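Engineer: Using only what follows, build the 3D model:
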Amino acid sequence: MKSFTKTLFALLVVAAVSSGVSIALFSSMQEKNRTTSYNQTTDSSTYAVPTVFTPAASHPAVENDFTQAAANSVNAVVSIKSTTLQQQSQWGNSMEEEFFKYFFGQGRRDYTPQPRIGMGSGVIISEDGYIVTNNHVIENADKIEVTLNDSRLFEATLVGNDPLTDIALLKIDAENLPILRFGDSDKLQVGEWVLAVGNPFQLNSTVTAGIVSAKSRNLGMISQNNRLGIESFIQTDAAVNPGNSGGALVNTNGELVGINTAIYSETGNFTGYSFAIPTSIVSKVITDLKQYGTVQRAMLGVTIMEMSDQLAKEKKIELRKGVYVSEVSDRSAALEAGLQEGDVITAINGVATPTVAILQEQITRYRPGDKVKVEFFRGKEKKTVDATLKNSDGNTDVTKATNIDMLGATLKEADDATKAKLHIRGGVEVAKVKEGQFKKAGIRNGFIIVDINGNRITYVKEVESLFQSLMRGETQDKVMFIKGIYPDGRVGYYAVPLAE
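Structural biologist: All right, here's what the predicted structure looks like:
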């Protein structure tokens, strides 16, 4: 009996061990099936199992907390109110009517100033009151007012503006202001969180969040009217509405990475995407405006096109990433460097240029006289050349806005885009009007001088020469009879007395 009991007990132990092993093996096989079945083809009667990815590192997940970035931003973003006195006339706007009204008895008595109010945003970038905004926020404004987040109100002066990048620089008389520090827009990645800070619908200190949807986006918004317009926008899905223009796009560290400029909408309000000018462009433009009063525009001197399948087939080009050179300008950096029609530019200073927008953005970072390395393909052969960038006049001279104290105006040569838009061969732009004879005569910012006392005006030095000649003259009738045109096409005639 004892022998039978021992035998039975042994069999039970073996059965238990075998069951345990079988269960372990079955579990192991099931686990193996779970980890390998994702790469196996399944028939239509089974559902695919979603793959679970294991993090590469065991760092804990970080909550999306934007409170600090918002706190760093709201006090440095301001509300901007621009007031423009539009001169409306019952006579119309033709050159002949303006001339006879002004010089033959009508004067400007039939003009009724009609104020036009615009609202936007701006970003304080220095403790002593420099503010960056969009050019379209303050364009042609007779008065610019800035309201800080603490409700203090200041009248701002225009330091300079650049229609080709839609950037303007303002200055208010204040100290110890909160500022937004510049971040590196080049390091932004698609999918990265960003905040838009501004004053939509006059709702001050509004913060919205979104992600970077695309970079180097060209909308044709600026270049549609200005052949030399520069567009390389950061596209986001952060909600931006009217009044946000000129406000801040900031990263999660609370650093400025762009200036909010436009929205894509069929209704006029936000419905999808917003666009910001990257700080890579903003920083260059405002530095030039502050230092020179005008932007130092570097040019390679090529007419370029996006590379497409159709263009590649037509020109028998195998390369698909790059910018096609359709024309090389005379007296240009490109011509001197040996670039030719049909070349495909692929990089500037080692930065790839697969699109027109990216190539334009890269060139925008430099000034006339700077040397850049241009990489390109000519047929199947890769080439590299050094090119010394030039200005629109075909040289490397620095362009400065000249200030004639008595006239109270900062003057600069009209750029190519303005000349093309107004169909003029040349002229001198009144970039900024302050206290002086121009302001007394009624001349406003943006006015393009084309004639003084019957003399055709193309360069600032011609205005200076005529001014000095009149001041040296013995006659008591020291008057500048000025003819010109405003950016909206309206012709203006002014008599500017120079006698003290």
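
Engineer: okay, CA-based contacts and neighbour counts for the rest of this
Structural biologist: Fine.

Engineer: so where do the helices sit in the stretch 351-500 of the chain?
Structural biologist: Applying DSSP state H, counting those that start in this stretch to the stretch 351-500 of the chain gives helices spanning 356-364, 416-422, 437-441, 460-472.

Engineer: Can you spell out which helices and strands pack onto the third one?
Structural biologist: To tie it back to what came earlier, the one meant is helix 437-441. If you count contacts as 3 or more CA pairs under 8 Å, 6 or more residues apart in numbering; DSSP states H and E, helix 437-441 packs onto strand 491-497.

Engineer: so what does the strand it packs on touch, helix or strand wise?
Structural biologist: On a contact count with 3+ CA pairs under 8 Å, 6+ apart, strand 491-497 meets helix 95-103, helix 437-441, strand 479-485.

Engineer: and if we set it to 10 Å?
Structural biologist: Packed against strand 491-497 by the contact rule (3 or more CA pairs under 10 Å, 6 or more residues apart in numbering; DSSP states H and E) you find helix 95-103, helix 437-441, strand 448-452, strand 479-485.

Engineer: mean pLDDT for the ones you listed: which is lowest?
Structural biologist: Least confidently modelled of those is helix 95-103, at a mean of 47 by mean pLDDT.

Engineer: Report the next helix or strand after it in sequence order.
Structural biologist: strand 112-124 (DSSP states H and E).

Engineer: any idea which element the residue nearest the centre of the chain lies in?
Structural biologist: Nearest to the mean C-alpha position of the chain, counting by CA atoms, centre = their mean, stands residue 277 at 2.9 Å. Assigned by DSSP H and E, residue 277 belongs to strand 273-278.

Engineer: Direction included, what does that strand pair up with?
Structural biologist: Here strand 273-278 is paired, per DSSP bridges, with strand 233-236 (antiparallel), strand 256-264 (antiparallel).

Engineer: Just want the angle from that strand to helix 356-364.
Structural biologist: With axes from the mean of the first three to the mean of the last three CA atoms, to 10 degrees applied, the angle from strand 273-278 to helix 356-364 works out at 20 degrees.

Engineer: would you put the C-alpha positions of strand 273-278 in CSV?
Structural biologist: C-alpha atoms of strand 273-278 as CSV (Å, rounded to 0.1, in the frame of the first residue of the first chain):
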residue,chain,number,x,y,z
TYR,A,273,-3.5,78.8,-40.6
SER,A,274,-1.5,81.9,-39.6
PHE,A,275,1.8,83.1,-40.9
ALA,A,276,4.8,84.8,-39.2
ILE,A,277,8.0,86.5,-40.4
PRO,A,278,10.9,84.5,-38.9
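
Engineer: what residues are up against the closest residue to residue 437 other than its chain neighbours?
Structural biologist: Excluding the flanking residues, the one nearest residue 437 by CA to CA, 6 or more residues apart in numbering is residue 407, at 4.7 Å. Listed by CA atoms under 10 Å, 6 or more residues apart in numbering, the contact set of residue 407 reads 433-441, 467, 496-498.

Engineer: Residue 407 and residue 435: what is the separation?
Structural biologist: As defined by CA to CA, to the nearest Å, residue 407 lies at a distance of 8 Å from residue 435.

Engineer: before we move on, back to that, between the strands paired with strand 273-278, which one is closest to residue 375.
Structural biologist: Nearest of the strands paired with strand 273-278 to residue 375, taken as CA to CA: strand 233-236 at 23.8 Å.

Engineer: Against which helices or strands is the helix or strand just after the closest one packed?
Structural biologist: Tracing the chain C-terminally past strand 233-236 and defining elements by DSSP H and E, one meets strand 248-251 next. On a contact count with 3+ CA pairs under 10 Å, 6+ apart, strand 248-251 meets helix 67-74, strand 112-124, strand 193-198, strand 206-217, strand 256-264, strand 273-278.

Engineer: Which strands border strand 248-251, and is each parallel or antiparallel?
Structural biologist: Applying DSSP bridges to the sheet, strand 248-251 is found paired with strand 193-198 (antiparallel), strand 256-264 (antiparallel).

Engineer: Any chance of CSV for the ones you listed, columns mean pLDDT and distance to residue 347?
Structural biologist: Formatted as CSV, the strands paired with strand 248-251 follow (pLDDT from 0 to 100; distance: least, CA to CA, whole Å):
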stretch, mean pLDDT, distance to residue 347
strand 193-198, 95, 28
strand 256-264, 90, 23
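
Engineer: Deepest in the core, which of the ones you listed is it.
Structural biologist: Per-stretch averages of neighbours, counted by mean count of other CA atoms under 10 Å, single out strand 193-198 among these, with a mean of 29.

Engineer: okay, the angle between that one and helix 67-74?
Structural biologist: Going by the same axes, to 10 degrees, strand 193-198 makes 30 degrees with helix 67-74.

Engineer: Could you check how far strand 193-198 is from the centre of its chain?
Structural biologist: Here strand 193-198 is found 16 Å from its chain centre; the criterion is CA atoms, centre = their mean, to the nearest Å.

Engineer: between it and strand 206-217, how big is the angle?
Structural biologist: Relative orientation of strand 193-198 versus strand 206-217 (the same axes, to 10 degrees): 120 degrees.

Engineer: Make 32 the starting number, not 1.
Structural biologist: With the count now opening at 32, the last piece we talked about shows up as strand 224-229.

Engineer: Extract the C-alpha trace of strand 224-229 and format it as PDB.
Structural biologist: What follows is strand 224-229, C-alpha atoms only, in PDB (Å, rounded to 0.1, in the frame of the first residue of the first chain):
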ATOM      1  CA  TRP A 224       4.600  74.100 -30.000                       C
ATOM      2  CA  VAL A 225       4.400  77.900 -30.400                       C
ATOM      3  CA  LEU A 226       2.300  80.700 -28.900                       C
ATOM      4  CA  ALA A 227       0.800  83.700 -30.700                       C
ATOM      5  CA  VAL A 228       0.500  86.800 -28.500                       C
ATOM      6  CA  GLY A 229      -1.300  90.000 -29.600                       C
END
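
Engineer: closest one to residue 510 among the strands paired with strand 304-309?
Structural biologist: Of all the strands paired with strand 304-309, it is strand 287-295 that lies closest to residue 510, at 42.0 Å by CA to CA.

Engineer: got any ranges where this protein has weak pLDDT?
Structural biologist: 32-94, 117-145, 251-260, 296-303, 504-508, 530-531 (pLDDT under 70).

Engineer: One more pass at 50, please.
Structural biologist: Confidence mapping of the chain against pLDDT under 50 gives the ranges 32-93, 119-131, 133-140.

Engineer: neighbours around the residue nearest to residue 439 when sequence neighbours are not counted, how many?
Structural biologist: Spatially, and ignoring its direct neighbours in sequence, residue 439 is nearest to residue 467 (4.1 Å; CA to CA, 6+ apart). Residue 467 has 15 neighbours, counted by other CA atoms under 10 Å.

Engineer: show me the contacts for residue 467.
Structural biologist: Contact partners of residue 467, counting by CA under 10 Å, 6+ apart, are 435, 436, 437, 438, 439, 440, 529.

Engineer: Kindly report the same for residue 324.
Structural biologist: Residues in contact with residue 324 (CA under 10 Å, 6+ apart) are 190-192, 200, 317-318, 430-434, 441-443, 462-463.

Engineer: Kindly report the same for residue 183.
Structural biologist: residue 177.

Engineer: Backbone dihedrals for it, please?
Structural biologist: Note on residue 183: its backbone torsions stand at phi -70, psi 140 [degrees, to the nearest 10].

Engineer: Against residue 227, how distant is residue 325?
Structural biologist: Residue 325 is 28 Å from residue 227, by CA to CA.

Engineer: Hmm, residue 287 and residue 309 touching each other?
Structural biologist: Yes. If you go by CA atoms under 10 Å, residue 309 and residue 287 touch, sitting 9.0 Å apart.
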